[in-house]
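In: Generate coordinates for the sequence data below:
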Amino acid sequence: MVEIFEVILGFVTAVGAGILIKLWIEHYFRPILVIEGNEAIVVRTIYLYTNIIQGNVPIEYYANRIRVRNKGKSAAKDCKVYVDYPHENTEHEIDTERAAWLVPYANSGYTLTLNVNDKEFVDLCAISDDVNQPRVIPLEYGYTQGRIDSCTLLPPVDMDITVRITSSNAKPTERSVRLHTAVDHFVNQHGRIVEFIE
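Out: Here you go, the predicted model:
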């Protein structure tokens, strides 16, 4: 009887240890997504057709790009970007849109895989020197054909949004961002309107 109990106890202990080791290995080798800070924001000049005021003439915009990094020990798969922002007519309602990776991958549903230590930019928003042109957030397929009619148009007020990155095999991560209205809000960083606020 004692021998049977010892065999059962040994089996249960081995199974429990195996489960704990498997969980530890999965935890140790998991992907970890990080939205990098203000120092990683990049501003680049792009041209968009708006058909506002100037008609069918491309308008110079400053694209604000934030960087996401996988600092884990395995690839983060099916990464998506979401932006949560206040609904235009109320403070308490939140609108959510898929946002764009710098290079959207249409064949994979506008998702991407971030390998270990890989970094990729999110095309978060853009602003023009022309005050008649709206600030825009490109949807998941980016600045399609260089037109703003495929973007979310933002009201002309400073606003706080949340950027969220999800993955099929990593914990989601998010950061709060303030979008300013002045193209020269930051000294010596013309066109930058993005500021992390946490």
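
In: all contacts plus neighbour counts: C-alpha atoms, from now on.
Out: Fine.

In: which regions of this protein lie under the pLDDT threshold?
Out: Where the chain drops to pLDDT under 70, the residues are 1-2, 5, 7, 9-12, 14-29, 54-55, 89-91, 105-107.

In: show me where it has helices.
Out: 2-28 (DSSP state H).

In: Provide the partner residues of the residue positioned nearest the centre of it in its beta bridges.
Out: The residue lying closest to the centre of the chain (CA atoms, centre = their mean) is Val81, at 4.0 Å. Beta-bridge pairing for Val81 (DSSP bridges): Ile165.

In: for the strand ranked longest in the chain, packing partners?
Out: With secondary structure taken from DSSP state E, the chain has its longest strand at strand 58-70. On a contact count with 3 or more CA pairs under 8 Å, 6 or more residues apart in numbering; DSSP states H and E, strand 58-70 meets strand 33-35, strand 42-49, strand 119-128.

In: Using CSV, lay out the ones you listed together with mean neighbour count and distance to Ala75.
Out: Output for the helices and strands packed on strand 58-70, formatted as CSV (neighbours: other CA atoms under 10 Å; distance: least, CA to CA, whole Å):
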stretch, mean neighbour count, distance to Ala75
strand 33-35, 22, 10
strand 42-49, 17, 24
strand 119-128, 24, 11
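
In: Now render those strands as JSON lines, adding distance to Ser150.
Out: Below are those laid out as JSON lines (distance: least, CA to CA, whole Å):
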{"stretch": "strand 33-35", "distance to Ser150": "25"}
{"stretch": "strand 42-49", "distance to Ser150": "11"}
{"stretch": "strand 119-128", "distance to Ser150": "13"}
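
In: of those, which approaches Ile4 most closely?
Out: strand 33-35 (47.8 Å; CA to CA).

In: ok, and what's touching that closest one?
Out: 66-72, 76, 165, 170-175 (CA atoms under 8 Å, 6 or more residues apart in numbering).

In: hmm, back to that, name the strands paired with the longest strand of the chain and say parallel or antiparallel.
Out: strand 33-35 (antiparallel), strand 42-49 (antiparallel), strand 119-128 (antiparallel).

In: Between the ones you listed, which one is closest to Asn188.
Out: Of those, nearest to Asn188 by CA to CA is strand 42-49, at 11.8 Å.

In: ok so, going back, go through the strands paired with strand 58-70 and name the closest to Asp184.
Out: Minimum separation from Asp184 across the strands paired with strand 58-70 (CA to CA) falls at strand 119-128, 10.4 Å.

In: Flag every buried residue along stretch 191-198.
Out: Gly191, Arg192, Ile193, Val194, Glu195, Phe196 (16 or more other CA atoms under 10 Å).

In: Could you double-check that Cys151 sits in contact with Pro138?
Out: Yes. Cys151 is within contact range of Pro138, at 4.4 Å (criterion: CA atoms under 8 Å).

In: Looking at those two, which is more packed in?
Out: Pro138 (26 against 19; other CA atoms under 10 Å).
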